[in-house]
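In: take a look and give me a structure for this.
(one chain, ligands or ions: 1)
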Amino acid sequence: MRVLAISGSLRAQSLNTLLLKEAARLATPGLVLSGWERLDDLPHYSPERDTEPPPAVVAELRGLLAEADALLVCTPEYIHAMPAVLKNLLEWVVSSGVCVGKPAAAWSVSPSLEGGAKAQTSLVHTLEVMSAKVVHEASRCLTLARSGMDAEGHLKDPVQENSIRTALASLTAAAETA
Ligand SMILES: Cc1cc2nc3c(=O)[nH]c(=O)nc-3n(C[C@H](O)[C@H](O)[C@H](O)COP(=O)(O)O)c2cc1C
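Out: Numbering: from 1, shown residues only. Next up, the predicted model:
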């Protein structure tokens, strides 16, 4: 089971990126969770730039998505929505159709009490418009600050750790039956 994990943050110390790395550690042996960390290399989307062949970085992203059994996106919340850089990535993906029917989990991470729920809602909506198969049982809004992780980036709270494990199990189950 191959899951492509995309963080919507460009920050070097991003909680969203750290959580995806933690999820890779918590994943069961049959689940390979690989990150894609070239978000900052994507040009701004414009239909005129969506050429055949596409820019190399776009081709790489679409190829990895096509090969993946499922997609996991973890978004920060910027001004009550997903960051523009993540929406830009999804704009590059939509015209290729590689997300159609693809099982997808939408996560958000924020230090706020709502855990970035508004961004997560906007992410779910966009993925559904793209005809991805959003797995709601595998989706999460996590209230998390850097203090909620140890020096190695491992979650300190066993409840949160279990929530990540069950989300991954739900995503795997959905991908197996897709
Ligand atoms: C421009 C900007 C806007 C933000 N807006 C929100 C917001 O609307 N809601 C929220 O919960 N956090 C907001 N935050 C705080 C982020 O959730 C927080 O910085 C988070 O750690 C970002 O994710 P990252 O650590 O993965 O980069 C905002 C941060 C920035 C820089």
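In: what residues does the strand or helix carrying residue 173 touch?
Out: Per DSSP states H and E, residue 173 falls inside helix 158-177. The contact list for helix 158-177 (CB atoms under 8 Å, 6 or more residues apart in numbering) reads 1, 3, 19, 22-23, 26-28, 30-31, 33, 69-70, 72, 103, 105, 107, 133, 135, 137-140, 142, 144, 148, 155. No exception for glycine: its C-beta is placed from N, CA and C like everyone else's.
In: let's go with 6 Å and repeat that
Out: By CB atoms under 6 Å, 6 or more residues apart in numbering, the residues outside helix 158-177 that reach it are 1, 23, 26-27, 31, 69-70, 103, 105, 135, 137-138, 140, 155.
In: now swap in stretch 62-80 and tell me
Out: Contacts to stretch 62-80, defined as CB under 6 Å, 6+ apart, come from residues 1-9, 16, 19-20, 82-83, 86, 96, 98, 102-108, 110, 116, 118-119, 123, 171, 175.
In: could you work out the end-to-end span of it for me?
Out: 27 Å (CA to CA, to the nearest Å).
In: that stretch near the ligand anywhere?
Out: Yes: counting by CB under 6 Å from any ligand atom, the ligand has neighbours in stretch 62-80: 76, 77, 78, 79, 80.
In: look up phi and psi at the first one.
Out: Torsion angles at residue 76 (phi, psi; degrees, to the nearest 10) stand at phi -70, psi 170.
In: the residue positioned nearest the centre of the chain sits in which helix or strand?
Out: With distances taken as CA atoms, centre = their mean, residue 73 lies nearest the centre of the chain, 0.9 Å away. Under the criterion of DSSP H and E, residue 73 resides in strand 70-75.
In: mind listing what's buried in that strand?
Out: The neighbour-count check on strand 70-75 (16 or more other CB atoms under 10 Å) flags 70, 71, 72, 73, 74, 75 as buried.
In: then stretch 74-82?
Out: 74, 75, 76, 77, 78, 81, 82.
In: for the third one, which non-adjacent residue is spatially closest?
Out: Which is residue 76. Leaving aside its sequence neighbours, residue 76 sits nearest to residue 9 (CB to CB, 6 or more residues apart in numbering; 4.9 Å).
In: understood, closing this out.
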